[in-house]
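Novice: Fold the stuff below for me.
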Amino acid sequence: MTPVFHDGNLLRPPAPEDMIALDPAFGTRFMLFVDTEEEFDWNAPFNRSANAVTALAGMERGQRYFAAAGIRPVYVTDYPVVDSDAAAAMMGRWLADGAADIGAHLHPWVNPPHVEQVTAANSYAGFLPEALERAKLEALCQRIADRFGQRPIVYRAGRYGVGPHSARLLEGLGFKLDSSVRSRFDYSGQHGPDFRGMPLHPYWAGRGRRLMELPLSTAFTGLLRRSGGRCYEAARRAGRLGG
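Specialist: Reported below is the predicted structural model:
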């Protein structure tokens with residue numbers, strides 16, 4: 001039987017040797033990612049003009065809370081936010097003070113270059129043509145570098161929308177960590193990725209295995225938690241019962 005070549009694609013479960021073994025002494029730790037994005041209505045069609053960021057003024061209060069608790073958040077930030085003078089100045093202070101880090105968050109419909117149709121299917125950057133996904137990522141990275149003096153090394157795709165080329169592109173652009181894989185969730189019915197069967201533990205991705213994937217934490221709770229996977233798969237086929 002011919003083995004299947006594994007290129008570190010984020011849509012495929014990692015090979016066993018790609019799993020990252022943590023020392024038991026590492027314990028339980030948390031990273032706080034904040035999806036920092038423009039204002040829009042999830043119930044309305046995607047719109048390139050829906051790019052206001054006035055609500056971000058409220059982030060000052062949240063950042064004070066994080067600082068008081070000793071938390072250094074990672075603000076994964078999309079193009080309309082980093083393009084705002086007020087937002088960039090505010091976040092730049094936190095970065096300079098060592099109180100926060102700035103990562104990248106790609107909403108393709110408001111991120112140049114604007115060449116694709118604005119549709120639900122095209123809202124997942126990873127399913128755009130490879131050259132266009134790369135161009136949008138590069139535009140976002142360059143804008144972040146212009147604003148903050150350094151390129152981002154942490155990424156989360158908007159709508160968790162990584163695709164078959166994403167890991168390789170991120171690796172090539174100098175990213176060190178991705179947190180787009182939302183284990184156990186399936187967005188294929190909405191034109192997006194299917195993350196069922198993906199692990200909950202960190203692993204190496206990309207062809208060079210230089211990109212660490214840190215999946216979002218997902219857990220079943222309650223009396224049926226040990227059978228959560230099987231029960232959820234059955235229930236999700238019954239519409240709203242899956243909740």
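Novice: which parts of the lengthiest helix in the chain are buried?
Specialist: For the chain, the longest helix by residue count, based on DSSP state H, is helix 130-148. Of the residues in helix 130-148, 133-137, 140-141, 143-144, 147-148 count as buried by neighbour count, 16 or more other CB atoms under 10 Å. (C-beta placed from N, C-alpha, C; glycine too.)
Novice: what are the pairing partners of the longest strand along the chain, and which direction each?
Specialist: Ranked by residue count and defined by DSSP state E, the top strand of the chain is strand 101-106. Take DSSP bridges as the rule and strand 101-106 pairs in its sheet with strand 74-77 (parallel), strand 154-157 (parallel).
Novice: want to throw the buried residues of helix 130-148 into JSON lines with pLDDT and distance to Arg159?
Specialist: Formatted as JSON lines, the buried residues of helix 130-148 follow (pLDDT from 0 to 100; distance: CB to CB, whole Å):
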{"residue": "Glu133", "pLDDT": "98", "distance to Arg159": "13"}
{"residue": "Arg134", "pLDDT": "98", "distance to Arg159": "18"}
{"residue": "Ala135", "pLDDT": "98", "distance to Arg159": "19"}
{"residue": "Lys136", "pLDDT": "98", "distance to Arg159": "14"}
{"residue": "Leu137", "pLDDT": "98", "distance to Arg159": "15"}
{"residue": "Leu140", "pLDDT": "98", "distance to Arg159": "15"}
{"residue": "Cys141", "pLDDT": "98", "distance to Arg159": "19"}
{"residue": "Arg143", "pLDDT": "98", "distance to Arg159": "20"}
{"residue": "Ile144", "pLDDT": "98", "distance to Arg159": "19"}
{"residue": "Arg147", "pLDDT": "98", "distance to Arg159": "23"}
{"residue": "Phe148", "pLDDT": "98", "distance to Arg159": "24"}
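Novice: can you tell me which two in those are farthest apart?
Specialist: Of all pairs drawn from these, the greatest distance, 22.5 Å, lies between Glu133 and Phe148 (CB to CB).
Novice: For Gly206, list the residues it contacts.
Specialist: Under the criterion of CB atoms under 8 Å, 6 or more residues apart in numbering, the contact list for Gly206 reads 8, 167-168, 170-171.
Novice: That one and Leu200: what is the separation?
Specialist: Separation of Gly206 from Leu200 (CB to CB, to the nearest Å) stands at 19 Å.
Novice: who does the residue nearest the centre of the chain bridge with?
Specialist: For the chain, the residue sitting closest to the mean C-alpha position, by CA atoms, centre = their mean, is Arg156 at 1.8 Å. Beta bridges link Arg156 to His105 when assigned by DSSP bridges.
Novice: Compute the number of surrounding residues for Asp35.
Specialist: 13 (other CB atoms under 10 Å).
Novice: should've said Asp83
Specialist: Residue neighbour count, defined by other CB under 10 Å, stands at 20 for Asp83.
Novice: Mind pulling up the pLDDT for it?
Specialist: At Asp83, the predicted lDDT confidence score is 97.
Novice: Relative to Leu132, how far out is the residue lying closest to it once chain neighbours are set aside?
Specialist: Closest residue in space to Asp83, ignoring its immediate chain neighbours: Arg143 at 6.4 Å, by CB to CB, 6 or more residues apart in numbering. Arg143 is 17 Å from Leu132, where distance means CB to CB.
Novice: now Ala99
Specialist: Between Ala99 and Leu132 the computed distance is 35 Å (CB to CB).
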